[in-house]
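Engineer: Pasting the sequence and the predicted model now:
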Amino acid sequence: MKTIILFLSLISITSMTELQFNFGTKHDNSNWRIVNDGVMGGLSTSLLKTFDNSILFSGTTSLKNNGGFASIRTYFDQGALDGSKTMTIRYRSNSDKREFGISLKDSQRYYIPYYKFTFTPKTKDWEEITVALKDFKHVRLSQTIGSQMPSDFLKEAYSIVLIVGDKKAGDFDIEIDYIKFN
């Protein structure tokens, strides 16, 4: 009987695990890196700054030389999102006219389709939004090519990207407390 209870407890603990990026000086932010449109000749600039309990991603996007995006990204263990249903992000931004996106990828090739959720800050105060992962849109080269994310994609995903690529030139900022998947 004790063996069955222990087994059920382990299943319960396993199903409660979540992938979480919780930022601050007490957390490891070293795996996040900046990738701007300069990889393709663009002129956008950005920086990533760590505070006690958050990170600030800010910069300027430029449309010159076919540019127009700035991003931060990291990797996680493939399959870590398997079974996840939602993503929650807590953030604040002065960029209420800019559109940000969170992409989940299963390839590092820029032309391979991925799944993306976009949002525009509504206030300069802290906001928290939760979105169903199935509502991420299928995207290739910034163009929506399909609708909902199939759940089997989550078994293959291993990269998350936060991007500002709304085809607008100008300054942007977004401060993030956490991104978590449940």
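Structural biologist: Noted; the coordinates are in hand.
Engineer: dump the residue contacts of residue 31.
Structural biologist: The contact partners of residue 31, taken as CB atoms under 8 Å, 6 or more residues apart in numbering, are 74-75. Placement of C-beta: from N, CA and C, glycine included.
Engineer: How about the secondary structure of it?
Structural biologist: Using DSSP: H, G, I helix; E, B strand; the rest coil, the secondary structure recorded for residue 31 is coil.
Engineer: can you give me the helices in the chain?
Structural biologist: Listed in chain order, the helices of the chain (DSSP state H) span residues 2-15.
Engineer: Centroid-nearest residue for the protein?
Structural biologist: Here the mean C-alpha position of the chain is nearest to the C-alpha of residue 102 (CA atoms, centre = their mean), at a distance of 3.7 Å.
Engineer: Report the buried residues of the lengthiest strand in the chain.
Structural biologist: Ranked by number of residues, the top strand in the chain under DSSP state E is strand 170-181. If you call a residue buried by 16 or more other CB atoms under 10 Å, then strand 170-181 has these buried ones: 172-181.
Engineer: of those, closest to residue 130?
Structural biologist: residue 180 (9.3 Å; CB to CB).
Engineer: That closest one contacts residue 87, doesn't it?
Structural biologist: Yes - using CB atoms under 8 Å, residue 180 is in contact with residue 87, at 7.2 Å.
Engineer: pLDDT weak spots in the protein?
Structural biologist: 1-17, 25-26, 28 (pLDDT under 70).
Engineer: can you give me the strands for it?
Structural biologist: Applying DSSP E to the chain gives strands spanning 19-22, 33-36, 45-50, 55-61, 70-75, 86-92, 100-105, 114-119, 127-132, 137-140, 143-146, 159-164, 170-181.
Engineer: how about residue 168, phi and psi?
Structural biologist: Main-chain dihedrals, residue 168, degrees, to the nearest 10: phi -120, psi 140.
Engineer: Relative to residue 99, how far out is it?
Structural biologist: 8 Å (CB to CB, to the nearest Å).
Engineer: now do residue 137
Structural biologist: According to CB to CB, residue 137 stands 13 Å off from residue 99.
Engineer: And residue 64, by the same measure?
Structural biologist: 20 Å.
Engineer: the more surrounded of these two?
Structural biologist: residue 99 (16 against 12; other CB atoms under 10 Å).
Engineer: Pull up the gap between the more buried one and residue 20, please.
Structural biologist: 24 Å.
Engineer: Ok, residue 35 next?
Structural biologist: In terms of CB to CB, residue 35 sits 22 Å off from residue 20.
Engineer: Between these two, point out the one with more neighbours.
Structural biologist: Neighbours were counted for residue 35 and for residue 20 using other CB under 10 Å; residue 35 has more, 15 against 12.
Engineer: who does that one bridge with?
Structural biologist: Note on residue 35: beta-bridge partners by DSSP bridges are residue 71.
Engineer: What of the one 10 residues further on?
Structural biologist: Residue 45 has the following beta-bridge partners by DSSP bridges: residue 60.
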